[in-house]
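# return atomic coordinates for the entry below.
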Amino acid sequence: MTNETDRRVALVTGGAGALGATIGARLAADGSDVVLVDVDAEGVERAAARLRAGTGRRVEGWVADVSDVDSVRRTISRLRDEFGRLDQLVNNAAVNRRADLASVGQQDWELVMRVNLWGPAVLCQAAVELWQAAGTGRVVNISSRTWLSGGPLAYTSSKAGLVGLTRALALELAPLGVTVNAVAPSMVVTPFTRQGRSEDEFAEFLARHQRMTPIQRLATPEDVANAVAFFASEQAAFITGEVLHVCGGAQLAPAP
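Numbers count the residues shown, from 1 in each chain. Sure thing, here's the model as predicted:
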């Protein structure tokens with residue numbers, strides 16, 4: 001049985017989605033209690049219920065909007081009241097807009113930046129007091145291979161910014177015993193990556209990505225979750241400010 005001093009608490013944003021739920025499941029399997037948060041109230045509760053049944057850990061599904069400061073602060077306050085700590089923060093929530101320079105608008109640009117970049121920053125800001133009290137913590141930001149290869153304008157800019165944020169936070173939070181790292185996957189087949197494409201369009205999109213990947217397959221949510229679990233573990237206690245590409249070698253190739 002895990003005692004109180006060994007107990008870990010993880011917060012995973014975007015927890016209603018395939019990637020967030022898989023990350024939550026891996027952290028729960030490794031012994032953490034998990035709070036999944038998402039703007040999708042029904043989806044996040046369904047995901048939490050599946051994890052509770054499958055892992056036996058305490059798993060909660062909470063509604064929160066990471067782009068809204070008040071929502072984030074309420075979430076961290078509730079976490080403090082109900083769990084008393086935050087050992088592992090996984091900033092996974094994201095939105096994408098498939099717009100190029102000619103078509104991107106201010107509203108879409110600002111939404112992508114608020115969710116993908118501001119959300120992780122304000123979550124870390126709100127969690128500082130918990131980390132100060134604990135003297136330790138792990139932050140894992142989910143970036144994307146697009147920060148190297150290019151891609152949709154706002155999304156790529158936000159994911160490159162998240163790498164910069166990771167490095168800046170790694171320096172700022174190190175005195176608190178907190179490590180901050182990023183995982184940058186290539187194409188993972190989820191509803192998020194389909195982005196409104198037709199069956200034929202999506203099949204060709206995936207085929208292009210597989211052709212350019214030296215290890216001839218696409219990434220799975222489990223591949224990403226394994227990398228997150230490493231950074232969130234004690235085995236990575238002396239690693240901070242790094243970016244781990246979960247790409248099967250595709251980080252070495254140009255965009256398809």
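
# any chance you could map the helices in the stretch 1-150 of the chain?
18-29, 41-55, 69-82, 106-113, 119-134, 146-149 (DSSP state H, counting those that start in this stretch).

# do the same with the stretch 151-256 of the chain
153-173, 191-194, 199-211, 221-231.

# low-scoring stretches of this protein, by residue?
Residues of the chain meeting the criterion pLDDT under 70: 1-6, 194-196, 254-256.

# let's go with 80 and repeat that
Residues of the chain that meet the criterion pLDDT under 80 lie in 1-6, 98-99, 189-203, 205, 209, 253-256.

# any chance of TSV for the helices of the stretch 1-150 of the chain, columns mean neighbour count?
Where C-beta positions appear, they are placed from N, C-alpha and C, glycine not excepted. Listed next are these as TSV, based on neighbours: other Cβ atoms under 10 Å:
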stretch	mean neighbour count
helix 18-29	25
helix 41-55	17
helix 69-82	16
helix 106-113	15
helix 119-134	20
helix 146-149	21
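
# so which of the ones you listed comes closest to Asn181?
helix 119-134 (12.2 Å; Cβ to Cβ).

# who wins for proximity to Ala232 among the helices of the stretch 1-150 of the chain?
If we rank the helices of the stretch 1-150 of the chain by Cβ to Cβ, the stretch that ends up nearest is helix 18-29, at 6.4 Å.

# got the angle for that closest one vs helix 221-231?
With axes from the mean of the first three to the mean of the last three Cα atoms, to 10 degrees defining the directions, helix 18-29 sits at 50 degrees from helix 221-231.

# adding distance to Leu123 and mean neighbour count, write the helices of the stretch 151-256 of the chain out as JSON lines.
Shown next, in JSON lines, are the helices of the stretch 151-256 of the chain (distance: least, Cβ to Cβ, whole Å; neighbours: other Cβ atoms under 10 Å):
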{"stretch": "helix 153-173", "distance to Leu123": "11", "mean neighbour count": "20"}
{"stretch": "helix 191-194", "distance to Leu123": "20", "mean neighbour count": "14"}
{"stretch": "helix 199-211", "distance to Leu123": "30", "mean neighbour count": "14"}
{"stretch": "helix 221-231", "distance to Leu123": "15", "mean neighbour count": "21"}
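
# coming back round to it: any chance of a markdown table for the helices of the stretch 1-150 of the chain, columns distance to Ser157?
A markdown table is the format used below for these (distance: least, Cβ to Cβ, whole Å):
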| stretch | distance to Ser157 |
| --- | --- |
| helix 18-29 | 20 |
| helix 41-55 | 27 |
| helix 69-82 | 21 |
| helix 106-113 | 8 |
| helix 119-134 | 15 |
| helix 146-149 | 9 |
